[in-house]
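Visitor: could you work out the structure for the sequence below:
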Amino acid sequence: MHSSTISSMKLGELASRLGAELRGNADLEVTGVKGIEEAGPTEVTFVANPRYAGLARTTRAAAVLVEPEFQEIATATLRIKNPYLAFSRSLGLFYQPPAYAPGIHPTAVIDATAEIGAGAHIGAYVVVGPGVRLGAHATLLPHVVLYPGVQAGEHFFAHAHAVVRENCILGDHVTLENGVIIGADGFGFAKNEAGHWEKIPQSGPVRLGNRVDVQANATIDRATVGATQIGDGTKVDNLVQVGHGSHVGENTLLCSQTGLAGSSMVGNNVILAGQVGIAGHCSIGDGVILTAQSAVSHDVPAGKVISGSPGFDNRVWLRAVTIFQRLPELLKRLDRMEKKVAAREAAEGATDGKESRE
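Guide: Numbers count the residues shown, from 1 in each chain. Reported below is the predicted structural model:
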């Protein structure tokens, strides 16, 4: 295992590597990348959100990654269409995570029928079951377990204690963080004649596409029948639960603590923010955004932004939240109005009674 870092480079070289337009001193030495409030005089930072544009004037950073039309400032700027992506790539220039040399640790247990591609790193106490097939350049860190029949493409990376259950199929460049479980039994039980819950066999595998990342302690359950599927380029955050038989499209984000009940259908380029809940058998269209802590038990058409629980249109929800905050004030106003109306009615009643007596 080893890691590599670049200690420093000229600002002009950094601009060249990123494909950015430099406005400032090309010979300035930079040693790293940090946030705009923490960056020092040898570090690069970025502005991708207009709310932080003002901080660019006061930052101590050597240079700021900004969009091409960003205002002129005293600090050097690296102008590029996507500053946030450029920031990410800058980090990759100054820091590389540990790399693991090919080889098999003597404590690893690998079934004789398993096929391991070239250049694999198999760590301590890894278990690889019968019929497993791994593409080239796999990295399995300590205590990873691959059940029988697992297939994974090239550059599969499984961090310590990740588990892939029987017959699951993973594409190329799939990364599983610590504690991920792919293909555990779905939550399926049927009540029998005695009134007891009887387990339903979960026969279908999980299929992950290419470039799928699954973060720590997330779980993607196998299907009762058919398969649970995650599309190419989708990212699954920590502590996410994907229920059995669900289908998630391409380039979708499932953020932390999101839960999909069984047979949920989620489209392409969807964003499910933190703690979102989707009821079973619901269909979420392409490009939908569900804001944090939203929950839906109905289908959502493509392109919608949904908030609240139960979830509804984000613009309506924002107005509703504003009104909700004013409810105590509105209640007082209503109470005063009711008292005025009651007093007026009482006065009118007294006048009517007097006139009738006369």
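Visitor: where along this protein do the helices fall?
Guide: Counting by DSSP state H, residue ranges of the helices within the chain are 11-18, 83-94, 314-325, 327-357.
Visitor: nearest to E115 among the ones you listed would be which one?
Guide: Comparing the helices of the chain against E115 with C-beta to C-beta, the closest turns out to be helix 83-94 (31.7 Å). To be clear about C-beta, it is placed using only N, CA and C from the backbone, and glycine gets the same treatment.
Visitor: avg pLDDT for that closest one?
Guide: If you average the pLDDT over helix 83-94, you get 93.
Visitor: give me the residues contacting it.
Guide: Residues outside helix 83-94 that contact it (C-beta atoms under 8 Å, 6 or more residues apart in numbering) are 5-6, 9, 14, 17-18, 20, 31-33, 44-48, 65-67, 78, 80.
Visitor: can you check stretch 317-329 too?
Guide: Contact partners of stretch 317-329, identified using C-beta under 8 Å, 6+ apart, comprise 306-308, 311, 330.
Visitor: swap in stretch 208-216?
Guide: 153, 168-180, 182, 220, 229-240, 250, 256.
Visitor: how far does it sit from the chain's center?
Guide: Relative to the chain's own centre, stretch 208-216 is displaced by 11 Å; criterion: C-alpha atoms, centre = their mean, to the nearest Å.
Visitor: off-centre distance for stretch 297-305?
Guide: In this view, stretch 297-305 has its centroid 19 Å away from the chain centroid, taken as C-alpha atoms, centre = their mean.
Visitor: list the contacts of A302.
Guide: With C-beta under 8 Å, 6+ apart as the criterion, the residues that contact A302 are 267, 285-288.
Visitor: check contacts around A295.
Guide: Under the criterion of C-beta under 8 Å, 6+ apart, the neighbours of A295 are 276-279, 308-311.
Visitor: filter these to the buried ones?
Guide: Neighbour-count burial within the contacts of A295 applies to 276-279, 308, 311; the criterion is 16 or more other C-beta atoms under 10 Å.
Visitor: which one of those is nearest G135?
Guide: Within the buried ones among the contacts of A295, proximity to G135 (C-beta to C-beta) peaks at I278, which comes in at 32.0 Å.
Visitor: so the closest one sits against G259, correct?
Guide: Yes. With contacts defined as C-beta atoms under 8 Å, I278 counts as touching G259 at a distance of 7.1 Å.
Visitor: how is the protein divided into domains?
Guide: 9-94, 162-325, 328-358 (automatic domain parsing).
Visitor: could I get these as TSV with distance to T107?
Guide: Conversion of these to TSV gives the following (distance: least, C-beta to C-beta, whole Å):
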stretch	distance to T107
domain 9-94	32
domain 162-325	17
domain 328-358	65
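Visitor: any weak-confidence spans in this structure?
Guide: 1-6, 350-358 (pLDDT under 70).
Visitor: nearest to the spatial middle of the protein, which residue is it?
Guide: In the chain, the C-alpha closest to the average C-alpha coordinate belongs to C255, at a distance of 3.3 Å (C-alpha atoms, centre = their mean).
Visitor: just to check, that residue is in contact with G274?
Guide: Yes. Assessed by C-beta under 8 Å, C255 is found in contact with G274 at 4.8 Å.
Visitor: shared neighbours of those two, anything?
Guide: What both C255 and G274 touch, as defined by C-beta under 8 Å, 6+ apart, is the set 237, 292.
Visitor: list the contacts for the closest residue to F156 other than its chain neighbours?
Guide: Computed as C-beta to C-beta, 6 or more residues apart in numbering, the closest residue to F156 that is not its neighbour in sequence is A138, at 4.4 Å. Contacts for A138 were tallied using C-beta under 8 Å, 6+ apart; they are 116-117, 119-122, 152, 154-158.
Visitor: ok, now E67?
Guide: Going by C-beta under 8 Å, 6+ apart, E67 touches 79-81, 83.
Visitor: circling back: in strands only, show me the contacts of A295.
Guide: Within the contacts of A295, residues falling in strands by DSSP state E are 277-278.
Visitor: can you give me the neighbour number for T113?
Guide: Here the number of neighbours of T113 (other C-beta atoms under 10 Å) works out to 12.
Visitor: tell me who's in contact with it.
Guide: T113 makes contacts with 130-131, as judged by C-beta under 8 Å, 6+ apart.
Visitor: please name the spatially closest residue to P201 (chain neighbours excluded).
Guide: Taking C-beta to C-beta, 6+ apart, and ignoring the residues beside it in sequence, P201 has T224 as its nearest neighbour in space, at 7.4 Å.
Visitor: the one you found touches P205, doesn't it?
Guide: No. Counting by C-beta under 8 Å, P205 is not a contact partner of T224; they are 11.6 Å apart.
Visitor: and the two? which has more neighbours close in?
Guide: The residue with more neighbours, out of T224 and P205, is P205; 23 against 19, by other C-beta under 10 Å.
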